[in-house]
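>>> Sequence below, structure please.
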Amino acid sequence: MTLNWKALAPHRPLDPGEAGYVVPPSGYAERIARLVTSGTSTVLVGGPVGVGKSTELARIADALQTSRFACLVQFDRLENIRRLTADQMLLRLAARMVEVARDALGIRPSSALVTALNAAGVATPSLLSGLQVPASSFTGSPLSLVHAAREELARRAGPRRLTLLLDGLEKLPEGPQSSEALATLGQLSDDIDIIAVVPWFVAFGASEDAVRPGALFAPVPVPEVEDPTHAPGRLFLAEILAQRLGVSLEQLLAHESQLTSRASVFDAARWSGGLPRTFLQLMADAAQYALLRRGDDWPLGQDLIDAINDQKDSFRRALLPGDTDAIARVAGTDGREMELGRKIRLLARGVILERQRAAGYVMDIHPLARKLLAGASHA
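Residues are numbered from 1 along each chain as shown. Coordinates of the predicted model:
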């Protein structure tokens, strides 16, 4: 069996409707979709880099299409998030609403609305295609343009409630400009549901009502994978690998079992800490070592060990003075005693993982970071 390891593309999330989605043990997307359809108007999505936030958001958009007009806006594909202003965010929202209405519902947008979007600099070439749009300057407010897009959608698409799914905002840097952009979302009409991926700093302290009062913060759970009893989490990651490689899970595991000294998919899952991106990166790096060293199609155990060491080094470079002791102190607790800035930084990078267990949320150390801490203690 010849495997195309380049197809793993660890950093590429799945788009809505794209084949290859694997339901996580938590059933996160379906659970959030049910919450929204039952009346939860604002859900803030969080989680470390590589946990699958974008993939789950795309899945939620698919799940809501039968009961809602679901509009996914991937801001990080449209803007430099670190410079995103409230006004530019609203303008992109308006343009995307019109595009999705045209593509999903076959609605031909009004000339006046397209003219305004073009004047604001957010009309894409596909939106302008086939239309004669006069040159003009934009004089309205960005929020008024969002309202205009919403009104046209409601008038021409029927009574379905609008749900905006906003991706990429987790990359907003902490500061007044980002706070203003998030708070601006709260100015949208109450008949619009919002599901937004947000930075970790929104989850703690005074930022809890950053978007709308009473918003639900729902982090994407990191599946448990370290113990052999954590079979659901390990099989979830193995299934993602099989889907990306274009084979069945049975074929993948059978192929692995036929090889001697081979790298174990489940070992890679264990060292990934449960993060799909890290798991795929470990397997991709191990396969690259196998190809360069021997021209092999499947990595050996040593190839995986070297890939694991590469990932461990990336964690080492992310640690700052004082992190080692702070991480050791917070393990197994709810994390309230860790300095906020440090906690946000380490959670975002996945050095520490917030896990939901029987007693509530606790801070767990990523297994690769745990190896670093053990080495520091030994020294």
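>>> C-alpha only now, for contacts and for neighbours.
Noted.
>>> where does the protein have its least confident helix or strand?
Sorting the helices and strands of the chain by mean pLDDT, DSSP states H and E puts helix 367-378 at the bottom, at a mean of 79.
>>> mind listing what's buried in stretch 215-233?
Buried residues in stretch 215-233, defined by neighbour count with 16 or more other Cα atoms under 10 Å: 215-226, 232-233.
>>> Quickly find the element holding Val114.
helix 111-119 (DSSP states H and E).
>>> hmm, I was thinking of Gln251
helix 249-257.
>>> Can you name the element that comes right after that helix?
Criterion used, DSSP H and E; the element after helix 249-257 is helix 265-272.
>>> Could you name the helices and strands sitting against that following helix?
Secondary-structure packing of helix 265-272 (3 or more Cα pairs under 8 Å, 6 or more residues apart in numbering; DSSP states H and E): helix 231-245, helix 276-294, helix 367-378.
>>> show me the contacts for Ala58.
With Cα atoms under 8 Å, 6 or more residues apart in numbering as the criterion, the residues that contact Ala58 are Leu14, Asp15, Pro16, Gly17, Leu72.
>>> What is the nearest of the residues you listed to Ala123?
Leu72 (16.4 Å; Cα to Cα).
>>> quick one: secondary structure of Val45?
strand (DSSP: H, G, I helix; E, B strand; the rest coil).
>>> in this structure, which ranges drop under the pLDDT threshold?
Low-confidence segments of the chain (pLDDT under 70): 157, 205-208, 376-379.
>>> run the last query once more with 50
378-379 (pLDDT under 50).
>>> can you pull out the strands in it?
Secondary structure of the chain (DSSP state E): strands at 42-46, 69-74, 162-167, 192-197, 216-219, 352-357, 360-365.
>>> could you measure Leu44 against Leu153, distance?
24 Å (Cα to Cα, to the nearest Å).
>>> got it, and Arg82?
30 Å.
>>> Excluding covalently adjacent residues, which one is nearest to the spatially most central residue of the chain?
Centroid check for the chain by Cα atoms, centre = their mean gives Lys53 as the closest residue, at 2.2 Å. Nearest non-adjacent residue to Lys53, counting by Cα to Cα, 6 or more residues apart in numbering: Val220, 6.5 Å away.
>>> Tell me which residues are up against stretch 220-235.
With Cα under 8 Å, 6+ apart, stretch 220-235 has contacts from 24-26, 28, 45-47, 51-53, 266, 269-271, 273-275, 353-356.
>>> Show me how far that stretch is from its chain's centre.
19 Å (Cα atoms, centre = their mean, to the nearest Å).
>>> And for the protein, the residue most distant from the center?
Outermost residue of the chain (Cα atoms, centre = their mean): Pro134, 38.4 Å.
>>> That one and Thr115 touch, don't they?
Yes. Contact status for Pro134 versus Thr115: in contact at 6.7 Å, counting by Cα atoms under 8 Å.
>>> right, and Val100 touches Cys71 too?
Yes. Using Cα under 8 Å, Val100 is in contact with Cys71, at 6.4 Å.
>>> These two: who's more crowded?
Using other Cα atoms under 10 Å, the more surrounded residue of Val100 and Cys71 is Cys71, with 25 against 17.
>>> do you know how far that one is from Arg212?
Cys71 sits 19 Å away from Arg212, going by Cα to Cα.
>>> show me what contacts Gln281?
Pro10.
>>> brain fart, Arg342
Counting by Cα under 8 Å, 6+ apart, Arg342 touches Asp323.
>>> From here on, call the first residue 40.
Renumbered: residue one is now 40, and that last one reads Arg381.
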